[in-house]
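**Student:** model the following, please.
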Amino acid sequence: MNFTNILKTTKNMNPHEIHNRISDAVMQEIAADWQESKQKNGVCAAQANERRACYLSMEFLMGRAVYNNLLCLGLTDEVKKAFEEAGVDFNIMEETEDAALGNGGLGRLAACFLDSAAAQGYALDGYGIRYKYGLFKQSFENGFQKEAPDDWTKYGDPWSVRRDEESVEITYGDMTVKAVPYDMPIIGRGTKNIRTLRLWQAEPVSGKEFDFEAFDKGEYLKASENAVLAENISRCLYPNDSTREGLKLRLRQEYFFSAASVLDIIKKHKQSGKSIKELHKTVSIQLNDTHPVVSIPELIRILVDNEKLDFSEALDISKKIFNYTNHTIMAEALEKWDTGLVRELLPRIYEICLQINETFISDMYIKGHDAARIDRLRIISGENSNILHMARMAIYCSSAVNGVAELHTEILKTDVLKDWYELYPEKFQNKTNGITPRRWLKLCNPKLSEFITELIKSEDWAYNLDMLKELRKYADDQTIITRFSEIKTQNKKALADYIKKAEGVEINPDSIFDVQIKRLHEYKRQLLNAFSILYLYFGIKEGRIKNFYPATFIFGAKSAPAYTRAKGIIKYINEIAAFISRDPEVCDLIKVVFVQNYNVSYAEKLVSAADVSEQISTAGTEASGTGNMKFMLNGTVTLGTLDGANVEIVEEAGAENNYIFGETTENLRNMQNYEPRKIAASDEQMNRVLQTLIDDTFNTGNSGISGNEAARIFEELYFSLLDGASWHKPDHYYLLGDLNSYINAKLQINADYRDNRNEFFKKCWLNMAGAGEFSSDRTIKDYAENIWKI
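**Tutor:** Numbers count the residues shown, from 1 in each chain. This next block holds a predicted model:
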């Protein structure tokens, strides 16, 4: 492939045209290997009684494909050289697609898993939805989050291939739509194994695209009604489900991709000539959270209605095929559906769910369980049997159930899913999440990657991340630590330049970069971070905090459009940023930046430049987290609670090399008589910070707030913390209880960075050297060997 020739005529091309030309050339180059991989791990494997695994996920947060694919093919240097010869900036393609088909860790984990499976030669393919607009494009207007469509395919989608011939029809109670597959190659680094991510796009069935009769009558909207209703299914990720129509669309989405994927899996199995009764011998299906659990009754429906198996045999086959990954500790987040809605949209699926529920109840009675326990575990429960519990169905109908961090799995066993664990202890496993070192070190931090290769004298660490342990011996080598810190400084300067260009904000690259980037949710406690910044600000102003080393606090997060409190927290942080920036006494010591439209590509820049990784969720609320692993891999200390995978990070890197604060899961679980009002009243500095939610700190003529919207939102935040709300107790996520411990940890970081920079970077180095356990290669190998049997 001659990239120099490909780029010869790019002089007047825009970035999208250049991107498409490079991408098209790569797609042509890999076409033969891709087809061979499909054949080898598809029909041929089934004929040889070899299993493949299918990963069903509502989200695949893939990020920008072009740079990652060039890296995996070993073409980065060659293409860079061709760009230089053509006089074109290689980074120009950063202005192109960044497929935001996910909202956070769930979707990014799915993307990492596909990468790791391809790199290690495992037969794993993904199935999801090809959202037209993904999540949304975020901007700030007067400090408030504003959402706009993220039309990521506006300039084409060269990394996907439409497969019209493999389209299937999906039938609901009120309509039928067509599911059209788009295949995206997942290229294994250092191997010819190319896996497939199949994303389904919803379209009207043939003949229903447009109603000419209605159009001729002047009924123009009605003329396109079928197309709009069908295309809505794959238009946006996570529609607002606070209304019945929003709930209906969400259920349509889940059934749409689940049913299409099951049909595709069965079709590929039958092409091998195998009996449908042998389906479990050729495929294993992993359900990434509860969104695709509806694929269980769908498979049973097909086996019973189309393949004429009896229900018990169909259920038995399904139990051997499906596996369920739980991603939440909070019982209220376990997905449930109103049975009336299920009956309306999916009448046959509802009948199958009823049969599953009745079979489970019979099994329980046969095993001697009492009625009280059975009522607690019914798959369909509630007054008039009006609630369908998806997690319960997933556990009952799966061969394996896994948590995503050691602490998370233990909480599932001993608390959230305790009854289920006692019923089926053999099903429960732990699979601590991981990240791909290809994207999250080699791609995003090339200077550090080259330094690691130089010291280890091999590039094999990118496939065997445990090799990073060899770096521990350099922790006391001052020359090595100095070079490491110089690389960090270069990355910080690059990030500062990018933030100035993207956000119009200047930050000091010599300051401490303290970064919190993750989905905006109350349990992730961005508000705690905001409180701590104000605490530091007032402490500096009043002279209580002296010799404070300059720090830049960087936030990146999107709130769900209907999540009023989360959007209020964004507004509050932006008000803090503006307030401090106007104070000449403090603005050089504290800088707050909330970056807009945080996505995978922005994350790549942030994790490589951070000094401090904020992982501050309330202990016992975060299932795992993967952002913590990305920072760790790039040589960043964790400022965090003993929650999720933070526990294992501390075990690998050492508590002495991180900054842990806050109450433990056990203490919080056993805590009684927690009174946040009493705590606030007895702590003058804490109360001063809290009062900013209701006093005129951010409500003066100089603050930039217009109208009463911000004041109303801040007031609701204030009283929800101190008095609770109808659905939660006061300070539900223990912000005030952990605040002083958190601030002390922040001040310790500041002092360590100021007074002993080399020791601080030694901590960073040892975190990187201990990150081997958190490779998604390790996680996928564990799934492959102990769940999928592939």
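
**Student:** for the chain, what helix or strand is lowest in average pLDDT?
**Tutor:** Taking mean pLDDT, DSSP states H and E as the measure, helix 43-47 is the helix or strand of the chain with the lowest mean score, a mean of 65.

**Student:** what's residue 328 sitting at in phi/psi?
**Tutor:** Recorded main-chain torsions at residue 328 are phi -140, psi 140, according to degrees, to the nearest 10.

**Student:** what's the burial count for it?
**Tutor:** Neighbourhood size, residue 328 [other Cβ atoms under 10 Å]: 21. The C-beta positions use only the backbone N, C-alpha and C, and glycine is treated the same way.

**Student:** do residue 492 as well
**Tutor:** 22.

**Student:** please shift the residue numbers so they start at 448 in all later answers.
**Tutor:** OK, 448 is where the count begins now, so the last one is residue 939.

**Student:** contacting residues for it?
**Tutor:** In this structure, residue 939 makes contact with 956, 960, 1056, judged by Cβ atoms under 8 Å, 6 or more residues apart in numbering.

**Student:** quick one: the second one and residue 1056 touch, right?
**Tutor:** Put plainly, it is residue 960. Yes. At 5.8 Å, residue 960 and residue 1056 qualify as touching, with contact defined as Cβ atoms under 8 Å.

**Student:** what do these two both touch?
**Tutor:** What both residue 960 and residue 1056 touch, as defined by Cβ under 8 Å, 6+ apart, is the set 939, 942.

**Student:** my guess is residue 890 contacts residue 518. True?
**Tutor:** Yes. Applying Cβ under 8 Å, one finds residue 890 in contact with residue 518, separated by 5.2 Å.

**Student:** after the least confident helix or strand of the chain, which helix or strand is next?
**Tutor:** On the C-terminal side of helix 490-494, the nearest following helix or strand under DSSP states H and E is strand 499-503.

**Student:** what pairs with that following strand, and is each one parallel or antiparallel?
**Tutor:** Using DSSP bridges, strand 499-503 pairs in its sheet with strand 571-576 (parallel), strand 730-735 (parallel).

**Student:** possible to save those as CSV with mean pLDDT, mean neighbour count and distance to residue 866?
**Tutor:** Listed next are the strands paired with strand 499-503 as CSV, based on pLDDT from 0 to 100; neighbours: other Cβ atoms under 10 Å; distance: least, Cβ to Cβ, whole Å:
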stretch, mean pLDDT, mean neighbour count, distance to residue 866
strand 571-576, 98, 26, 31
strand 730-735, 98, 24, 20
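
**Student:** and stretch 764-773, what's buried?
**Tutor:** Using 16 or more other Cβ atoms under 10 Å as the burial criterion, the residues of stretch 764-773 that qualify are 764-765, 768-773.

**Student:** span of it from start to end?
**Tutor:** 22 Å (Cα to Cα, to the nearest Å).

**Student:** what average pLDDT does it get?
**Tutor:** Throughout stretch 764-773, pLDDT has a mean value of 98.

**Student:** stretch 522-540 too?
**Tutor:** Averaging the model's pLDDT scores along stretch 522-540 yields 92.

**Student:** go on, stretch 821-836?
**Tutor:** Here the average pLDDT along stretch 821-836 is 95.

**Student:** likewise stretch 633-647?
**Tutor:** Per-region confidence: stretch 633-647 scores 94 on mean pLDDT.

**Student:** check the most far-flung residue of the chain relative to its centre and give its pLDDT.
**Tutor:** Distance from the C-alpha centroid of the chain peaks at residue 664, with 47.2 Å (Cα atoms, centre = their mean). As predicted, residue 664 sits at a pLDDT of 93.

**Student:** which residues touch it?
**Tutor:** Residues near residue 664 by Cβ under 8 Å, 6+ apart: none.

**Student:** repeat for residue 795
**Tutor:** Residue 795 makes contact with 748, 752 under the criterion Cβ under 8 Å, 6+ apart.

**Student:** rerun that using 6 Å as the cut-off
**Tutor:** Neighbouring residues of residue 795 by Cβ atoms under 6 Å, 6 or more residues apart in numbering: residue 748.

**Student:** with only the CA atoms kept, save the helix or strand hosting it in CSV.
**Tutor:** Residue 795 belongs to helix 794-813 when elements are defined using DSSP H and E. Taking Å, rounded to 0.1, in the frame of the first residue of the first chain, the C-alpha atoms of helix 794-813 are listed here in CSV:
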residue,chain,number,x,y,z
PRO,A,794,-47.0,-9.9,23.3
ARG,A,795,-45.3,-13.2,22.5
ILE,A,796,-42.2,-12.3,24.5
TYR,A,797,-44.4,-11.6,27.5
GLU,A,798,-45.9,-15.1,27.2
ILE,A,799,-42.4,-16.6,27.2
CYS,A,800,-41.4,-14.5,30.2
LEU,A,801,-44.5,-15.8,32.0
GLN,A,802,-43.5,-19.4,31.3
ILE,A,803,-39.9,-18.7,32.5
ASN,A,804,-41.3,-17.2,35.7
GLU,A,805,-43.7,-20.2,36.3
THR,A,806,-40.9,-22.7,35.6
PHE,A,807,-38.6,-20.9,38.1
ILE,A,808,-41.3,-21.0,40.8
SER,A,809,-42.0,-24.7,40.2
ASP,A,810,-38.2,-25.4,40.4
MET,A,811,-38.0,-23.5,43.7
TYR,A,812,-40.9,-25.4,45.3
ILE,A,813,-39.4,-28.7,44.1
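
**Student:** now it: mean pLDDT?
**Tutor:** Confidence over helix 794-813, taken as the mean pLDDT, stands at 98.

**Student:** downstream of it, the next helix or strand is which one?
**Tutor:** Taking DSSP H and E as the definition, the helix or strand that follows helix 794-813 towards the C-terminus is helix 818-824.

**Student:** in that following helix, which residues are buried?
**Tutor:** Applying a neighbour-count criterion of 16+ other Cβ under 10 Å, the buried positions in helix 818-824 are 821, 824.

**Student:** over to stretch 469-478?
**Tutor:** For stretch 469-478, the buried set under the neighbour-count rule, 16+ other Cβ under 10 Å, comprises 469-470, 472-474, 477.

**Student:** could these be laid out in CSV, adding secondary structure and distance to residue 852?
**Tutor:** Conversion of these to CSV gives the following (DSSP: H, G, I helix; E, B strand; the rest coil; distance: Cβ to Cβ, whole Å):
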residue, secondary structure, distance to residue 852
469, helix, 38
470, helix, 36
472, helix, 41
473, helix, 36
474, helix, 37
477, helix, 35
